[in-house]
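[1] with the input below, show me the fold.
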Amino acid sequence: MKRTARAPSQLSESMHKRLSAYTLAASAAGVGVLALTMPAEARIIYSPQTIKIDSPECTLFNPAGELKAPFCFGRIFTAPGSGSIWGAAIIVGLDTSGAGFVTAASNSAAALKRGKAIGSMDRFQNRGLGYLATSGPFFGGTSNNHRGGFQFGHPAFLGISFPIRHRNHYGWARITIHHDGEALYGVIKGYAYETIPNKPIVAGKTHGKDDVSVEPASLGHLVTGASAIPDWRRSELVPSH
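    Modelled structure (predicted):
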């Protein structure tokens, strides 16, 4: 009786279903094929990406490549009424439920030093938007006294938290705010997040036994959208006195 040899490439139906399900799950997590090549014990994912925040358009910040970006950075400038009353600001908005940033005061982002542990012991703001830095009389401040914890020209770390598959993760972004006349702009230079849910991360930490570095735009990405400040947030831009 003649037997027909089975081609090695012909996998069983159950194996096909397993591979398909695994690939779909990886893609839904926003990491796709790259996740299949990452060490199973990876703890920190670091990207050296440099991004300039100098547009009034929404700059979405998506550290882990989720289906929806948790954060939105923007630069705003306003001069209502008289030209002598003006204000500029670099803001961070929260675009997904569960996202947050370490706050120094209400609607004011904290500028953290390298080596600061970021975790559950910190105070996070989890709604609306926060100021990294402001300038001008509209916001009631000067270059040395303004809303937001970031001082002009001095790099510091923004502590962040955001959900990955409905579980909380901590991370950081290294940001410098520059003051150019009446204008402000920000520069993000590198960011990282912890892959273990609810595990603290150290600001500025990029390397370790099980850490992973990725090239710019491979996991995290910044995309320009229609507006840095959705209509439901515009009322929050009016400074409190």
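
[2] CA atoms for contacts and neighbours, from now on please.
    Noted.

[3] burial measure for the closest residue to Gly100 other than its chain neighbours, as a count.
    Spatial nearest neighbour of Gly100, chain neighbours left out: Asn126 (4.3 Å); criterion: Cα to Cα, 6 or more residues apart in numbering. Other residues within reach of Asn126, judged by other Cα atoms under 10 Å, total 21.

[4] contact partners for Asn126?
    Counting by Cα atoms under 8 Å, 6 or more residues apart in numbering, Asn126 makes contact with Leu94, Ser97, Gly98, Ala99, Gly100, Phe101.

[5] ditto for Ser120
    Under the criterion of Cα under 8 Å, 6+ apart, the neighbours of Ser120 are Asn198, Pro200.

[6] how would you label it: helix, strand or coil?
    Using DSSP: H, G, I helix; E, B strand; the rest coil, the structure places Ser120 in coil.

[7] from now on call the first residue 28
    Done: numbering now begins at 28, and the last item shifts to Ser147.

[8] gap between it and Ile72?
    Applying Cα to Cα, to the nearest Å, the value for Ser147 to Ile72 is 19 Å.

[9] cool, Ala136 as well?
    23 Å.

[10] look at these two and report which has more neighbours.
    Summary of the neighbour comparison: Ala136 and Ile72, criterion other Cα under 10 Å, with Ala136 having more neighbours (27 against 23).

[11] flag the shaky bits of the protein, pLDDT-wise.
    Counting by pLDDT under 70, the low-confidence segments of the chain come to 28-69, 109-110, 167-174, 235-268.

[12] mind listing the helices for it?
    Taking DSSP state H, the helices of the chain run over residues 40-55, 61-64.
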